[in-house]
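Enquirer: When you get a sec, could you give me coordinates for this:
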Amino acid sequence: TPAYVLHFLVRVAPEYLLCLQGGKFDFANRMFHSIHETWQHALTGPSDVRELIPEFYVPPGDFLLNDAQLELGVRDSGAKVNDVQLPPWAGTARDFTSKLREALESEYVTSRLHLWIDLVFGCKQRGEEAIRADNLFHYITYEGNVEIDQIGDVIKQNSLKIQIMEFGQTPTQLFAQPHLTRLADSSNSLNKMYSSVKPTPTQTAVVSPPPVVPLPADWEGLSQLSFEISYKLHKDSMTGVCTLPKQNSIVSVSKDHTLRLFSLTSQQQTRSTVLSSMALSSCLVMPNEDTVLVGSWDNSIYFYSVEYADVLHSIPAHDSSVTCLAWSSNLLVTGSWDTSVKIWHYIPSKGAGPIGTPQILGDLDHDCELTSVDIDATGALVVSGCADGSFSLWDVHSMEKIAEKKISSTSVCSCLFSPDCKSLAVCAEEGVVSIYSVTEGLPLLTTRSPGEQCSSMWWNGEYILCGGVSGTLYLLSLNATATLAKREAHQSAISAISVNSDMQVVVTASTDRNVS
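Expert: The predicted structure follows:
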């Protein structure tokens, strides 16, 4: 109910509580003052039916701190109401909310979720089962118990409306039988909170994280990897490169308007197709390898069929050049110079099936041109990097910004989620890679730098490949502050990096028009 929610949020949203209570804070003795005191009151008070709100499980827990220095009153004990008093096992508000989040997502809680569902939505909400479970509330709160429109007394009718509005109602009973037990999942991620996406009227978005490929034990020996080939594929700077593992091939795009395929087996170019009259900016291979998505400076996205060697479809996606693409869980994310990120529902075609047409779900406005986007493996969060050195984290379900940080005075060249969705790497052109924890509200965990300006990045959650403007490829690690290895790969800036799904092949593209 509004009263219970604002009781907890008074320190971060005082204006709403003041509006609810006629312009005055509640008596100091009734203010949210102590976790222990609130727990005891809810445990023993028959009229206290408060439940914890989502903010209790989302670090950093600012709602527990009186950062605004509000005058919340003095209690009868003489104690001034200020920051909420935490239990002795929590050192800070961030520590408190982080531990609550860890407990909420633990196997113990997951294996007992059905018991809570039975109480709130299920068989123990009403009747004899509710009595045995000590789960009874005032009769007015139950759906269907009071027909307000049938009450002739206007004063009584209005009083009931106010009571329901202020103190709430029990939810609709959805289940008459005990709910099934959910299988426990050992992974803990902030993204469980945002795991639903907006489906189109005819399709349902699929949310299924891909398996994480383990890193080879000898990955640190990048400098010892055998050099396969360096081949001049384009007539102008290359802007994107991807691997086609099933075909043992590479697909690349360039400012020369063309998409080209190169066979690693025969070490020859196998295809060249002009897609647009303007430069191509980025490319993205769908998981089935049947379709390649290409962004262009003509504001469009092209859907290229590998099997038919032709463009099957194109859409005018933005009001200016499309600069970056990302896809996960049937959600396509596009960024542009028009300062917007768009989220589309897009299911790739299967085999020779008809090409899917993206349907727009939302538009995320920015203050600067977009340079990089990524979507996490569950399709729940989007990160966007801008030319002004800032990046933003977005909730796909609500299309709202969760956080924004400015990390550099130079442009963000790449921002990527880790495969487990728990962390985020952001690389700025000045040559600093910043690692943030997604699960704890984006605190900065660490930074790494190859020692020169960067133009591209790839990472798997532990190891980082940085492409330098000099053409050097660097291997960095979260477990070591020094650069592990480097290789002179090109004569000028590395514009894109792609790693094969089995982690055995690293492909780089450069403004020197070569692929290595």
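Enquirer: Could you list every helix and strand in contact with the longest helix along the chain?
Expert: Secondary structure of the chain per DSSP state H: the longest helix is helix 154-167. Contacts defined by 3 or more C-beta pairs under 8 Å, 6 or more residues apart in numbering; DSSP states H and E place helix 154-167 against helix 2-9. The C-beta positions use only the backbone N, C-alpha and C, and glycine is treated the same way.
Enquirer: cutoff 7 Å now
Expert: Helices and strands touching helix 154-167, by 3 or more C-beta pairs under 7 Å, 6 or more residues apart in numbering; DSSP states H and E: there are none.
Enquirer: Output that helix as CSV, nothing but the C-alphas.
Expert: Only the C-alpha atoms of helix 154-167 are listed here, as CSV (Å, rounded to 0.1, in the frame of the first residue of the first chain):
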residue,chain,number,x,y,z
VAL,A,154,-22.3,7.5,0.6
ILE,A,155,-20.2,8.2,3.7
LYS,A,156,-19.7,4.5,4.4
GLN,A,157,-19.0,3.9,0.7
ASN,A,158,-16.3,6.6,0.7
SER,A,159,-14.8,5.4,3.9
LEU,A,160,-14.4,1.9,2.5
LYS,A,161,-12.8,3.2,-0.7
ILE,A,162,-10.3,5.2,1.4
GLN,A,163,-9.5,2.2,3.6
ILE,A,164,-8.9,0.0,0.5
MET,A,165,-6.8,2.6,-1.2
GLU,A,166,-4.7,3.3,1.9
PHE,A,167,-4.3,-0.2,3.3
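Enquirer: now that helix against helix 2-9, angle please.
Expert: With axes from the mean of the first three to the mean of the last three C-alpha atoms, to 10 degrees applied, the angle from helix 154-167 to helix 2-9 works out at 30 degrees.
Enquirer: What's the first helix or strand after the one helix or strand residue 259 maps to?
Expert: Using DSSP states H and E, the element containing residue 259 is strand 258-263. Going down the chain from strand 258-263, the next helix or strand is strand 268-274, by DSSP H and E.
Enquirer: contacts for that next one?
Expert: 233, 249, 257, 258, 259, 260, 261, 262, 263, 309 (C-beta atoms under 7 Å, 6 or more residues apart in numbering).
Enquirer: any chance of those residues in a markdown table, plus neighbour count, pLDDT and distance to residue 477?
Expert: A markdown table is the format used below for those (neighbours: other C-beta atoms under 10 Å; pLDDT from 0 to 100; distance: C-beta to C-beta, whole Å):
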| residue | neighbour count | pLDDT | distance to residue 477 |
| --- | --- | --- | --- |
| 233 | 21 | 85 | 31 |
| 249 | 19 | 90 | 30 |
| 257 | 20 | 93 | 38 |
| 258 | 19 | 94 | 36 |
| 259 | 24 | 94 | 34 |
| 260 | 20 | 93 | 33 |
| 261 | 21 | 92 | 33 |
| 262 | 22 | 90 | 30 |
| 263 | 15 | 88 | 32 |
| 309 | 13 | 86 | 40 |
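Enquirer: Which pair in those has the greatest spatial separation?
Expert: 257 and 263 (21.7 Å; C-beta to C-beta).
Enquirer: follow-up on the earlier one: so which of the contacts of strand 268-274 comes closest to residue 421?
Expert: residue 249 (29.3 Å).
Enquirer: unless I'm mixing things up, the closest one is touching residue 262, no?
Expert: Yes: the pair residue 249 / residue 262 is scored as a contact, 6.3 Å apart, by C-beta atoms under 7 Å.
Enquirer: can you map out the strands along the stretch 401-516 of the chain?
Expert: Assigned by DSSP state E, counting those that start in this stretch, the strands in the stretch 401-516 of the chain fall at 412-417, 423-428, 432-437, 444-448, 454-459, 463-468, 472-477, 480-488, 494-499, 506-510, 514-515.
Enquirer: Give me the pLDDT for residue 219.
Expert: On pLDDT, residue 219 comes in at 52.
Enquirer: again with residue 421
Expert: Residue 421 carries a pLDDT score of 88 in this model.
Enquirer: Let me know the distance separating the residue nearest the centre of the chain from residue 375.
Expert: Residue closest to the average C-alpha location in the chain (C-alpha atoms, centre = their mean): residue 381, at 1.8 Å. Residue 381 sits 7 Å away from residue 375, taking C-beta to C-beta, to the nearest Å as the criterion.
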